[in-house]
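> Sequence first, predicted coordinates after that:
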Amino acid sequence: MQIERTTARKPNALIESGHKYDVYETRVLLAALAYWEEDKKHDHIYRIPLKTLFPDSGDKYQRAKVAVRGVMSRVLDISTEPGRHTYINTFESADIFDGTGIMEIVFHKQVRPFLVEMKENGYTPLLLRYTLPIQSAYSVRIYELLRQYKDFQTHRRISLEELRLFLGIPEDTFHRPNDISERIIDRAQEHLRDNTDISFDYKPYKMGRKIGGWDFYITAQEGPQEGVVQLDLALEVVQKKKEPTIEDLLEDLYGKAAVEKWKEEGHTEKTFLEYFEYTKSKAKTNPKFYLQFALEKDSLGTVALSKAPKKQKAAIKKQAEIQTMAIEMAEIHITPMTEKEQEDWLNLLPKKLRRSMMGGGDDATEGSATM
């Protein structure tokens, strides 16, 4: 079972590399990064649904074939150390299977170290729902460059030479800096304001009498909301197909160890589906978080009620109400956090919630999936 991924983690070294992709080639790269998994040691093949790349109408197969050929014909210009430029390809191979809606890609062996080491060297999370609607590759690249700074500072200076390199602007086009301002940066300003979680203002700075580059001033904003769309989509897939099962879905979301733990505690396919539907109706900002902790704590009391004698069922239902309130409060409190803060905080959250959810119990929550 494969769930549609929503966030690409792009190593900062790749964000600051020089490459010129068109808008569809950019989609292919970001989708591939969204499906990259750190724990794949030997099997480096990643299966990507074409609807992730091309949610709009049109011939997805033809667009994918053209875009993949484009990506594989271009190189990344990465500055690995001062004075050194490394030129590498992104993909080693790609397969598109007509009639299946699936593309398989293999990252080039020279790119893999940047992916494996990005936690140590830095990466930027990019939500596909923000980048997909943008119809300009230049605008997507400016979004990446500014989003890289969003969580740390509100100003980024990019020189004329750097912007040409990062965006892959050919030397024989946009001869005047004002052309870049009017035809690239102004368009990006509109695209980011309308489609993403940041907006920006900018002004040129001078080197002597000439424009040396631009100062960008970044402002966080509330981007388009996704709600529980991903859960709806995933559940629809499970219900329409005999295989895979709801357990396959949960394994893809949270990992096999977490699902096995929940089954040992008494969850079944029936309770998994019940909690899935429950999360759709209750979660407001982070359904993945909500579903995980509802299962962890059996917040509906479904498992506990199936095992308890009749005289204990009223108390179990009351405890379930308290646990549900605790989960809802936790979900509200994580909303203003950045994605990086959410990821770090969620790893600790089960311990923080243990007393309020379990009445001071000391049962371990180890094995909970990382968001």
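Looks like it arrived, so ask away.
> Could I get the full set of strands for this structure?
With DSSP state E as the criterion, the chain has strands at 7-11, 45-49, 76-81, 84-88, 91-97, 102-107, 123-127, 155-159, 198-207, 210-220.
> Kindly state the domain boundaries assigned to this structure.
Annotated domains of the chain cover 1-129, 133-224, 229-358 [automatic domain parsing].
> check contacts around P133.
Applying C-beta atoms under 8 Å, 6 or more residues apart in numbering, we find P133 in contact with N195. Yep, even glycine has a C-beta here, placed from its N, CA and C like the rest.
> For it, what are phi and psi?
Backbone dihedrals for P133, given as degrees, to the nearest 10, come out at phi -70, psi -10.
> now do the one 3 residues further on
When read as degrees, to the nearest 10, the backbone of S136 gives phi -130, psi 120.
> number of nearby residues for it?
Look at S136: counted by other C-beta atoms under 10 Å, it has 17 neighbours.
> wait, doesn't it sit right on H191?
Yes. Counting by C-beta atoms under 8 Å, S136 touches H191, with 6.2 Å between them.
> follow-up on the earlier one: going by mean pLDDT, which of the domains of the chain comes out lowest?
Looking at the domains of the chain, the lowest mean pLDDT belongs to domain 229-358 (a mean of 59).
> Let me know how buried T124 is, in neighbour terms.
Burial of T124 is recorded as 23 neighbouring residues (other C-beta under 10 Å).
> With G208 instead?
G208, neighbours per other C-beta under 10 Å, totals 6.
> Phi first, then psi, for it.
According to degrees, to the nearest 10, the main-chain angles of G208 amount to phi 70, psi -120.
> what's near enough to touch V28?
53, 64, 67-68, 71, 105.
> try 6 Å
By C-beta atoms under 6 Å, 6 or more residues apart in numbering, the contact list for V28 reads 67, 71.
> same thing with Q292?
So Q292 contacts Y254 (C-beta under 6 Å, 6+ apart).
> Let me know the distance separating it from Y275.
10 Å (C-beta to C-beta, to the nearest Å).
> same check, this time on Y46
Y46 sits 29 Å away from Y275, going by C-beta to C-beta.
> cool, S199 as well?
Taking C-beta to C-beta, one finds S199 at 38 Å from Y275.
> With neighbour numbers in mind, choose between those two.
Using other C-beta under 10 Å, the more surrounded residue of S199 and Y275 is Y275, with 23 against 16.
> Next, work out how far apart the closest residue to G70 other than its chain neighbours and R157 are.
Nearest non-adjacent residue to G70, counting by C-beta to C-beta, 6 or more residues apart in numbering: E25, 4.4 Å away. Per C-beta to C-beta, E25 is found 28 Å from R157.
> Going by how many neighbours each has, rank those two and give me the top one.
E25 (22 against 11).
> What residues does the more buried one make contact with?
E25 neighbours (C-beta under 6 Å, 6+ apart): 67, 70-71.
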